[in-house]
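Peer 1: Below: sequence and its predicted model.
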Amino acid sequence: MTTVDANGVALGIESLGEDDAPLVLLAGGTTMLSWPATLCERLAAGGRRVVRYDLRDSGESTTADPDAPAYTLRDLAADAAALAHALGGRPAHLAGIGVGGMVAQVAALDHPGAFSALTLVGTRAVAPGPPDDDLPDHDQAIMSQLFAHPMPDWTDREAVAEFWDRTPGTTPPVQMANQMGTLFSKLDCEPRWRERLPEIAVPTLVVHGRRNPLFPVANGEAIAREIPAARLIILEEAATAIPDAAAGKVAGAMLALG
């Protein structure tokens, strides 16, 4: 793992495959570890350079002021385009998972020349906050359970899960910013991008877990309807993550996009 300077920030990355191979850029949701190693290895074995990266405020990437984040989803989209350029300059296959999928949609719309294909996993077509009336919201029981858990002792590395353990700093405000900032910290995006989805002209794959409690499957189905000629794969036994058992199927569909 290393960092790359792009769009005025440092982004933590991990790279697999040959440097001169076509680039598949994986936007984390929020950290690069949202993308399973098994999938990355399958893509690299298919002749791609695979780079997964941490969004701002997560993992090894630049940390902002947790009380006043000075960026939006549109800035995160610009990060993706700048990173693709820094890694070789040729149009890249951009993939995003969760909130990274929101970033990927905006990036494909705002920076179409930077990307040759698009994969969207377990995401939705509206920014954090209340969804549109026709889209299902988070499973409220799951969300209540999520926020009912007490915060760990940030100074005790044994008490912190792998996602949190990679975050620089040990003070609670910084730790919280690094993992929750991009999800709940005023990541507005104006103008709205859902109505622009028909403008996406690159080959697009939408992957969604049938059991996803954060973004129920109808969110993925809506994205696939609204992006011209998008292919939809529903993983019947999956929730928010891509299980190793589905890595071959997902990698094959991504490689088929080009």
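Peer 2: Great, that's in hand.
Peer 1: Low-confidence regions, this structure specifically.
Peer 2: Counting by pLDDT under 70, the chain contains low-confidence residues at 66-69, 142-188.
Peer 1: any idea how far A256 is from the most centrally placed residue in the chain?
Peer 2: The structure's the chain has its C-alpha centroid closest to G100; by Cα atoms, centre = their mean the separation is 2.0 Å. Taken as Cβ to Cβ, to the nearest Å, the spacing of G100 relative to A256 amounts to 21 Å. Using the backbone N, CA and C atoms, a C-beta is placed for each residue, glycine as well.
Peer 1: now L214
Peer 2: Using Cβ to Cβ, one obtains 27 Å as the distance from L214 to A256.
Peer 1: which of those two has more neighbours?
Peer 2: Counting neighbours by other Cβ atoms under 10 Å for L214 and for A256 shows that L214 has the greater number, 21 against 12.
Peer 1: any idea how far the more buried one is from P128?
Peer 2: Using Cβ to Cβ, which is the criterion applied here, L214 is 11 Å from P128.
Peer 1: Likewise for A222?
Peer 2: A222 sits at a distance of 17 Å from P128 (criterion: Cβ to Cβ).
Peer 1: quick one on the thing from earlier: how about the residue nearest to the centre of the chain, what does it touch?
Peer 2: In this structure, G100 makes contact with L26, A27, G28, G29, T30, S34, L55, T123, judged by Cβ atoms under 8 Å, 6 or more residues apart in numbering.
Peer 1: number of nearby residues for V103?
Peer 2: Neighbouring residues of V103 were enumerated by other Cβ under 10 Å; the total is 31.
Peer 1: Name the nearest residue to A84, ignoring sequence neighbours.
Peer 2: Of all residues not flanking A84 in the chain, A92 sits nearest, at 4.2 Å (Cβ to Cβ, 6 or more residues apart in numbering).
Peer 1: Next, the contact list for that neighbour, please.
Peer 2: For A92, the residues meeting the contact criterion (Cβ under 8 Å, 6+ apart) are P22, L23, V24, L25, A84, A114, F115, S116.
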